[in-house]
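Undergrad: Based on what follows, work out the 3D shape:
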Amino acid sequence: MARSVVVLTWELAIPGCRSLKEKRSAVRSLVERMRSRFNVSVAETGLQDIHDRAEVTASLVASDGRRAESLTDRLDTFVAEHGRFLLVSFHRDRVM
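TA: Numbers count the residues shown, from 1 in each chain. Down below sits the predicted model:
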């Protein structure tokens with residue numbers, strides 16, 4: 001069976017965010033929603049000390065490339081449509 005492993009990283013701007021506490025709350029909400037809705041591993045992976053920016057990374061394993069691509073597209077849309085964040089950049093690495 002061919003498996004696909006994909007790592008996705010989003011750099012996000014958080015307009016109007018005035019503190020690290022406010023940022024952590026917003027990022028935590030996004031991360032928890034992604035975990036529960038898509039069953040992926042996800043975490044804040046960078047820019048932790050900048051109050052109006054965040055880097056979030058998700059990884060997923062799928063049984064085939066088509067399933068991985070579909071889930072990747074759904075995750076990307078979910079993040080892009082989240083009302084609290086603006087997408088600054090997106091990076092996708094396919095490991096297998």
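
Undergrad: hey, which helix is longest across this structure?
TA: helix 20-38 (DSSP state H).

Undergrad: outside of that helix, which residues touch it?
TA: 14, 17, 40-44, 49, 51-52, 54, 56, 58, 60, 71, 74-75, 78-79, 82, 84-85 (Cβ atoms under 8 Å, 6 or more residues apart in numbering). C-beta coordinates here come from the backbone N, C-alpha and C atoms, glycine included.

Undergrad: How about stretch 73-84?
TA: Contacts of stretch 73-84 (Cβ under 8 Å, 6+ apart): 8, 10, 12, 14, 26, 29-30, 33-34, 37-38, 40, 56, 58, 60, 85, 87, 90.

Undergrad: Can I have the buried ones of the residues you listed as a ChimeraX selection?
TA: Buried residues within those, by 16 or more other Cβ atoms under 10 Å, are selected in ChimeraX with:
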select :8,10,12,14,26,30,34,40,56,58,60,85
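
Undergrad: from the middle of its chain, how far away would the helix or strand that contains Val42 be?
TA: When elements are assigned from DSSP states H and E, Val42 belongs to strand 41-46. Centre-to-centre, strand 41-46 and its host chain are 7 Å apart (Cα atoms, centre = their mean, to the nearest Å).

Undergrad: quick one: it to helix 20-38, angle?
TA: Inter-element angle recorded for strand 41-46 and helix 20-38: 150 degrees (by axes from the mean of the first three to the mean of the last three Cα atoms, to 10 degrees).

Undergrad: Identify each buried residue in strand 41-46, please.
TA: With burial defined by 16+ other Cβ under 10 Å, the residues of strand 41-46 counted as buried are Val42, Glu44.

Undergrad: can you dump the C-alpha coordinates of that strand into CSV?
TA: Extracted in CSV, the C-alpha atoms of strand 41-46 (Å, rounded to 0.1, in the frame of the first residue of the first chain):
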residue,chain,number,x,y,z
SER,A,41,-1.4,16.5,14.1
VAL,A,42,-1.1,20.3,14.3
ALA,A,43,0.8,22.8,16.4
GLU,A,44,2.1,26.4,16.6
THR,A,45,5.6,26.0,15.3
GLY,A,46,7.1,29.4,15.1
